[in-house]
Every structure is written in structure tokens, then in C-alpha cells.
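Participant: take a look and give me a structure for this.
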Amino acid sequence: MSTDETLLALLPLFRNYYNIKTEDVEAPFAAEAAFESHNEQYYLIKAAKVADVNINEYVYFAKCEDPDFSDVCQLVDRAWERGIAKVNPGYDHRNTDITLFVIAGTIDDDTRRQIRKIRRYKSWKWGFNGWSNFRLVAIECSTGRAYYNHQGRSLKKLVGNIL
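Facilitator: Numbers count the residues shown, from 1 in each chain. Down below sits the predicted model:
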């Protein structure tokens with residue numbers, strides 16, 4: 001599979017719950033997906049609000065032919081900065097997760113080892129106003145394998161469906 005074919009196979013997996021944008025996406029990303037959820041709970045009447053919860057996830061897709069570790073780090077930093085800029089922490093914010101899919105032709109051994117160590121986390125007011133986690137999935141198209149950071153391992157089953 002080529003990088004374009006892999007991207008086209010990934011996007012439909014997000015289409016049901018995410019708003020996907022493939023046009024007018026700022027470089028270096030090929031596509032973006034956003035999931036935003038707002039839940040409220042009441043006790044008998046709307047005036048007796050018990051909970052007000054916002055959950056968001058922003059997914060970025062980047063295509064590279066042969067990235068080294070510095071290229072992956074630049075993509076990680078750009079995705080993290082863009083995702084954190086969209087966070088509106090407050091009493092009703094629970095979490096905002098940022099996910100990056102790096103779709104590459106080949107990935108060298110050093111980069112594969114370093115991908116597992118990439119971590120980003122931020123909390124607002126010690127977690128009382130929410131938190132953000134970062135997930136990273138690097139897909140190597142030439143071998144059909146995927147590499148994950150610690151948080152990204154939760155996406156193994158999803159990625160396994162297209163590989």
C-alpha cells in the first residue's frame with residue numbers, strides 16, 4: 001500500500017463520529033478530524049443540573065516518505081500545539097485528546113524505538129479543569145506494520161483493521 005492508499009483507508013474509520021477535513025488543511029498535515037461531545041445531566045428538572053461535561057479529540061494525519069526522528073518530533077510538536085490551542089479549560093472540560101497518525105513509506109530502526117518514548121500530557125488546575133493526552137501511531141506502508149507510543153496502543157485494533 002502507498003501512503004495515499006493508507007490515508008484513504010484510514011479516513012472512513014473516523015467518518016461516523018468525527019468531522020473530517022481534507023481540504024484547506026494547514027501543512028504539514030494531509031487531513032484533520034475533530035470529535036466534540038457535550039453532555040449534561042439533570043436531576044428531575046433542567047434547573048437542577050448535576051453535571052456538564054465536554055470531551056474533545058483532535059486527530060491529525062501526516063504523510064511522509066522516509067521520516068527520521070527529528071521529522072517525527074516536528075510533526076508531534078505541531079499536532080500538540082494545534083490541539084492544545086483548541087482547548088477551552090473550565091469546570092465543564094473533562095479531557096481533550098490529540099492523536100497523530102504518521103503515514104510513512106519506511107521508518108528506520110532508531111525512529112521506531114524512539115516513537116514508543118514520545119509522551120505529552122497537560123492538566124489544567126491539577127486536573128480539576130481537565131487534561132490532555134497525546135497518542136501517536138506511525139504506520140510503515142512498505143512492511144504494513146504500525147508503531148505506537150504508550151497512549152497510542154489503544155488504537156491497535158483500529159489500525160489493524162486496515163493493515
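
Participant: all contacts plus neighbour counts: C-alpha atoms, from now on.
Facilitator: Fine.

Participant: for this protein, which helix is longest?
Facilitator: Scanning the chain for the helix with the most residues, using DSSP state H, yields helix 69-85.

Participant: direction included, what does the helix or strand following it pair up with?
Facilitator: Using DSSP states H and E, the helix or strand that follows helix 69-85 in sequence is strand 93-104. If you go by DSSP bridges, strand 93-104 pairs up with strand 45-64 (parallel), strand 131-140 (parallel).

Participant: so which residues make contact with the shortest one?
Facilitator: The contact list for strand 131-140, computed with Cα atoms under 8 Å, 6 or more residues apart in numbering, reads 76, 80, 84, 94-107, 115, 118-124, 145-152, 155.

Participant: would you list the buried entries among those?
Facilitator: 76, 80, 84, 94-107, 115, 118, 123, 146-149, 151-152 (16 or more other Cα atoms under 10 Å).

Participant: which pLDDT value goes with the nearest residue to A48 once chain neighbours are set aside?
Facilitator: Of all residues not flanking A48 in the chain, Y42 sits nearest, at 5.6 Å (Cα to Cα, 6 or more residues apart in numbering). For Y42, the pLDDT comes out at 86.

Participant: partner residues bridging Y42?
Facilitator: Bridge pairing for Y42 - DSSP bridges - gives K49.

Participant: returning to that earlier point: can I get the strands paired with strand 93-104 in a markdown table with mean pLDDT, distance to P12 and mean neighbour count?
Facilitator: Listed next are the strands paired with strand 93-104 as a markdown table, based on pLDDT from 0 to 100; distance: least, Cα to Cα, whole Å; neighbours: other Cα atoms under 10 Å:
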| stretch | mean pLDDT | distance to P12 | mean neighbour count |
| --- | --- | --- | --- |
| strand 45-64 | 90 | 13 | 17 |
| strand 131-140 | 95 | 16 | 24 |
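
Participant: what would the ones you listed look like in TSV with distance to E23?
Facilitator: Converted to TSV, the strands paired with strand 93-104 look like this (distance: least, Cα to Cα, whole Å):
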stretch	distance to E23
strand 45-64	12
strand 131-140	22
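
Participant: closest to D24 out of those strands?
Facilitator: strand 45-64 (13.3 Å; Cα to Cα).

Participant: wait, L7 sits on A104?
Facilitator: No - using Cα atoms under 8 Å, L7 is not in contact with A104, being 10.2 Å away.
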